[in-house]
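> test case, fold it:
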Amino acid sequence: METPLPDVIDRISVLRLKMERIGKKEFEDEFNSYQNALKEFEQNGIQINQEWIEKLYEINKKSWDLAALLQAAEKNKNGLEKMGKIHIHRLFLNRKRVAIKNEIADTTGSGSRDIQMN
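The predicted structure is shown next:
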C-alpha cells in the first residue's frame, strides 16, 4: 500500500529533525526512502509545493521544542499550570499540522482528510 503524500511529507520533516538533533547516520536511509517516494509522486504528475514541506518542518520543530520544555517542567516540578500551557500550545500546533496535511490531501488528491476531535 502506498503511503499518502501528506504522510510522506510529514515524515520527511520529522526525519529531518531527527537527523539534525539526534544524528544523521541513524535516519539517513529512511529519509532517503521517503525522498524517493516524494520523487515518485512528482514523476506521477503531482506537483509538490515546497512550502508544505517547510511549514510542516517548522511546526514539528516547534512541537519538539515544546515537548522538551514539557519534560523539563515535569522533571523540575514547575507546576501543572505551566505544563498545561505548554500542552495546550502543542495542541494548537497539531491543529495547524493537520490543516496543512489536509490542504495537501485536498490539493493533490492523495490521502484523506484528517479530522481532529480536540
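> buried ones in whichever helix or strand residue 98 is part of?
Per DSSP states H and E: residue 98 is located in helix 80-108. Residues 83, 86, 90, 93, 97-98, 100-105, 108 are the ones in helix 80-108 that count as buried (16 or more other Cβ atoms under 10 Å). In short, each C-beta sits where N, CA and C put it, glycine included.
> using PDB, write down the CA coordinates of stretch 9-18.
C-alpha atoms of stretch 9-18 as PDB (Å, rounded to 0.1, in the frame of the first residue of the first chain):
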ATOM      1  CA  ILE A   9       5.900  15.000   3.600                       C
ATOM      2  CA  ASP A  10       5.200  14.900   7.400                       C
ATOM      3  CA  ARG A  11       7.600  12.000   7.900                       C
ATOM      4  CA  ILE A  12      10.300  13.800   5.800                       C
ATOM      5  CA  SER A  13      10.100  16.800   8.200                       C
ATOM      6  CA  VAL A  14      10.300  14.600  11.300                       C
ATOM      7  CA  LEU A  15      13.300  12.600   9.900                       C
ATOM      8  CA  ARG A  16      15.000  15.900   9.000                       C
ATOM      9  CA  LEU A  17      14.600  17.000  12.600                       C
ATOM     10  CA  LYS A  18      15.900  13.600  13.900                       C
END
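> which residues touch that stretch?
Contacts with stretch 9-18, where a contact means Cβ atoms under 8 Å, 6 or more residues apart in numbering, come from 3, 26-27, 30-31, 34-35, 38, 48, 52-53, 56-57, 59-61, 64, 97, 101, 104.
> do stretch 46-65 as well
For stretch 46-65, the external contacting residues (Cβ under 8 Å, 6+ apart) are 5, 9-10, 12-14, 16-17, 21, 38, 41-42, 90, 93-94, 96-97, 100-101, 103-104, 107-108, 110.
> would you map the helices across this structure?
Here the chain has its helices, by DSSP state H, at 5-21, 24-43, 50-75, 80-108.
> re the thing from before, relative to helix 50-75, how tilted is the helix holding residue 98?
If you take axes from the mean of the first three to the mean of the last three Cα atoms, to 10 degrees, helix 80-108 sits at 160 degrees to helix 50-75.
> how about low-confidence regions in the protein?
1, 116-118 (pLDDT under 70).
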